[in-house]
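1. how would this look folded up:
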Amino acid sequence: MSTYDVAMIVGSLRRESLNRKTAKALIELAPPALKPEIVEIGDLPLFNDDLEADAPPPWTAFRERIRQADAVLFVTPEYNRSVPGAMKNALDVGSRPYGKNVWSAKPGAVVSVSPGAAGGFGANHHLRQSLVFLNVPAMPQPEVYLGGAAKLFDTDGKLSNPGTRDFLAKFLEAFAVWIATLTKR
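-> Numbers count the residues shown, from 1 in each chain. Alright, predicted model coming up:
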């Protein structure tokens, strides 16, 4: 069985965010076929095509890390019915320079997390719209919208809801199958 390197992009930059807690839970619950790792995006300078001639080192390192990954897993909150600016900036940095899109053809999946009831539905689908353009085949099912997420973690930040743990474990198993199907190795 192959092991897949999964670059995990967390849209919230806050250290104790529900999204970061969810990402850590996903790492813990990952089946042996997946090796997810959080790839930080908070230090990426804002995309500006004028900088491309002498790309900032964080851009170069980020692009190389995504290029090496077998797949990408996005964990995002919803800001104003969309993704956070840091997430969009990471998408833009990885998609340039023209013709060198590091996201292209990488199997992907989206997890949206919110304290609200809708579970980040708007952000999830807005992100999927960008992924279509970036040629990231996003896993269609199962979908993950974690609503009421503030109640899913204990005081140590660990995912304590057994039903959610089981659901996310099954999601990760499906993601491993999705990656295997698309990469055919």
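
2. tell me how far the top helix by length along the chain lies from the chain's centre.
-> The residue-count maximum for a helix in the chain (DSSP state H) belongs to helix 162-183. Helix 162-183 has its C-alpha centroid displaced from the chain centroid by 14 Å (C-alpha atoms, centre = their mean, to the nearest Å).

3. contacts for it next, please.
-> 2, 4, 6, 22, 25-26, 29-31, 33-34, 70-71, 73, 105, 107, 109, 111, 137, 139, 141-142, 144, 146, 152, 159 (C-beta atoms under 8 Å, 6 or more residues apart in numbering). (C-beta placed from N, C-alpha, C; glycine too.)

4. are any of those buried, and if so which?
-> 4, 6, 22, 25-26, 29-30, 33-34, 70-71, 73, 107, 109, 111, 137, 139, 144, 146, 152, 159 (16 or more other C-beta atoms under 10 Å).

5. would you verify that residue 145 is located in a strand?
-> Yes: using DSSP: H, G, I helix; E, B strand; the rest coil, the assignment for residue 145 is a strand.

6. what distance do you get for the residue nearest to it when sequence neighbours are not counted to residue 26?
-> Computed as C-beta to C-beta, 6 or more residues apart in numbering, the closest residue to residue 145 that is not its neighbour in sequence is residue 119, at 3.0 Å. Residue 119 sits 15 Å away from residue 26, taking C-beta to C-beta, to the nearest Å as the criterion.
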